[in-house]
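Peer 1: here is my input; please provide its structure:
(one chain, ligands or ions: 1)
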Amino acid sequence: MLMKAMPMKAESSSGQAQLKRANRMALIRQLRVQPGQSRVDLAHALNLTKSTVSALARELIDEGWLLEREVLITGDVGRRPTPLFVDPTRMLLLGAQVGIGHVRVVLTSLTGEVLSASSATYDTDREVDVCILALTRTLLDTTEALGETQRIIGIGLGLPGGVDQAHNQLVFAPHLDWHHVPFGALLQAALRGTPLSGVAIFMQNDADVAALGETEFNPSPMADPLLLVLVGEGVGAGLVVGGRLLTGARGLAGEVGHMVLQIDGPLCSCGRRGCAEALIGSRALMQQGEQAPTPAAVAKAGRYLGVLLQNLAAAYDPACIVLGGAAVALGDALLAPVRETLQQYAQAAGLSEPALRVSRFGDDAIAVGAAALAGYRLTQPTLG
Ligand SMILES: [Zn+2]
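Peer 2: From the prediction side, this is the model:
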């Protein structure tokens, strides 16, 4: 379960509204983890009275968060309790990947089904405004065909750099040379006067949202801690521990692309030598003007990626490592040497290697993860 539901007792009348909101969100989160529970199941799981659950469920059904399915009438057993589900049709999320020169937007249900998607490019030599403009158009394109009963309740953004949550800004995007950009506020201003005006916007680093996508939109019990490593032009990681993202004091945690793997190794975009990005990133794969990476280059990158994952596993002991990003499309040519390297290190120490899999959302790991970020923030019981 991602977020432990913690029903609280209200100490004062001012706490009542917050308590109610926390219990409403706990109900939604519980049904995301275990769909089909009845009101009695929920009361038991959340330590609430059945009448409280019934009242909250009624409100949440009326508002569009939940739905109830038909009960089965069986002869001997009689009427079974009505199963409740998160409604996948009425309240929707938008997730956007802001990449290097391109944006990708997905429209998803609260449970992570992708309903539509659209992409656009922008010129990386110009200011951030051209990216905001491309993103605004793509967000509006994606929501053009919404039905009358459908409503967008949040927009999530996966950005290619560190995000400072406290100051609500993108701190630094290395490949774009953007510094201290209030990205969410700029987008909010650009959306003013459109059908998406006033919709809540949430932003986070791209690897972080991809990690959240794996844990939020996953109906099976999650692996905790979950470590996601994105390999594309850059290399980044997101870590979810106990249902929370580990983002660091300034939002810069997970910049594992600049962990040094080789002393005096190849020059990295950051100015240092031997960083993971310089050995694994797409620029390391595409050498000497080749059109496609050579098998030898891919195998070498795979071994270094194995070393990086081994180092990260030693630091965090993840229950599961998930790989995402463009490099995953290389398939076994990249993944086989990664697995071999991990196995060798594990065997040498008499341990079993960490569980490794590829992101369930493929190329859309960041965009879907961004939608998951919006859902996560909106249903966080601790928010006032
Ligand atoms: Zn570097």
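
Peer 1: domains of this structure?
Peer 2: What automatic domain parsing lists as the domains of the chain is 13-86, 91-209+366-378, 221-359.

Peer 1: can you put these in TSV and add mean pLDDT, distance to Thr215 and mean neighbour count?
Peer 2: For every residue, glycine as well, the C-beta is placed using N, CA and C. Below are the domains of the chain laid out as TSV (pLDDT from 0 to 100; distance: least, Cβ to Cβ, whole Å; neighbours: other Cβ atoms under 10 Å):
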stretch	mean pLDDT	distance to Thr215	mean neighbour count
domain 13-86	88	10	16
domain 91-209+366-378	94	8	20
domain 221-359	91	5	18
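
Peer 1: tell me what the helix or strand where Thr138 lies is packed against?
Peer 2: Assigned by DSSP states H and E, Thr138 belongs to helix 128-142. When contacts are defined as 3 or more Cβ pairs under 8 Å, 6 or more residues apart in numbering; DSSP states H and E, helix 128-142 sits against strand 91-98, strand 102-109, strand 114-121, helix 183-191.

Peer 1: residues contacting the second one, please?
Peer 2: Counting by Cβ atoms under 8 Å, 6 or more residues apart in numbering, the neighbours of strand 102-109 from elsewhere in the structure are 86, 88-89, 92-97, 114-122, 131, 134-135, 138-139, 141-143, 152, 217, 364, 366-368, 370-371.

Peer 1: of these, list those near the ion.
Peer 2: Among the contacts of strand 102-109, not one lies near the ion by Cβ under 5 Å from the ion.

Peer 1: need the contact list for the nearest residue in space to Glu255 that is not next to it in sequence.
Peer 2: Of all residues not flanking Glu255 in the chain, Gly236 sits nearest, at 6.4 Å (Cβ to Cβ, 6 or more residues apart in numbering). Gly236 is in contact with Asn205, Asp206, Ala207, Val229, Leu230, Gly254, Glu255, Val256, Gly257, counting by Cβ under 8 Å, 6+ apart.

Peer 1: quick check, Gly236 in a strand?
Peer 2: Yes - assessed with DSSP: H, G, I helix; E, B strand; the rest coil, Gly236 lies in a strand.

Peer 1: list the beta-bridge partners for it.
Peer 2: Leu230 (DSSP bridges).

Peer 1: stretch 308-316 near the ion at all?
Peer 2: No - interface with the ion: stretch 308-316 contributes nothing (Cβ under 5 Å from the ion), its closest point being 12.4 Å away.

Peer 1: contacts for that stretch, please.
Peer 2: Stretch 308-316 is touched from outside by 225, 227, 229, 235, 237, 239, 241, 256, 259, 261, 276, 280, 318, 321, 338, 341-342, 345, 354, 356, with contacts defined as Cβ under 8 Å, 6+ apart.

Peer 1: got the contact list for stretch 62-71?
Peer 2: With contacts defined as Cβ under 8 Å, 6+ apart, stretch 62-71 is touched by 24, 27-28, 31, 36, 57, 60-61, 79-87, 89-91, 110, 149, 151.

Peer 1: so which of those sit within helices?
Peer 2: In helices, defined here by DSSP state H, the members of the contacts of stretch 62-71 are Arg24, Leu27, Ile28, Leu31, Ala57, Leu60, Ile61.

Peer 1: Gln150 and Leu94 touch, don't they?
Peer 2: No - the pair Gln150 and Leu94 fails to qualify as a contact (Cβ atoms under 8 Å) at a distance of 11.7 Å.

Peer 1: and the gap between Ala299 and the ion?
Peer 2: Distance of Ala299 to the ion, computed by Cβ to the ion, to the nearest Å: 22 Å.

Peer 1: what residues does this protein put near the ion?
Peer 2: His258, Cys268, Cys270, Arg272, Cys275.

Peer 1: where do the helices sit along this structure?
Peer 2: In the chain, the helices defined using DSSP H lie at 13-33, 39-46, 50-63, 128-142, 183-191, 206-216, 276-280, 282-285, 295-316, 332-348, 365-378.
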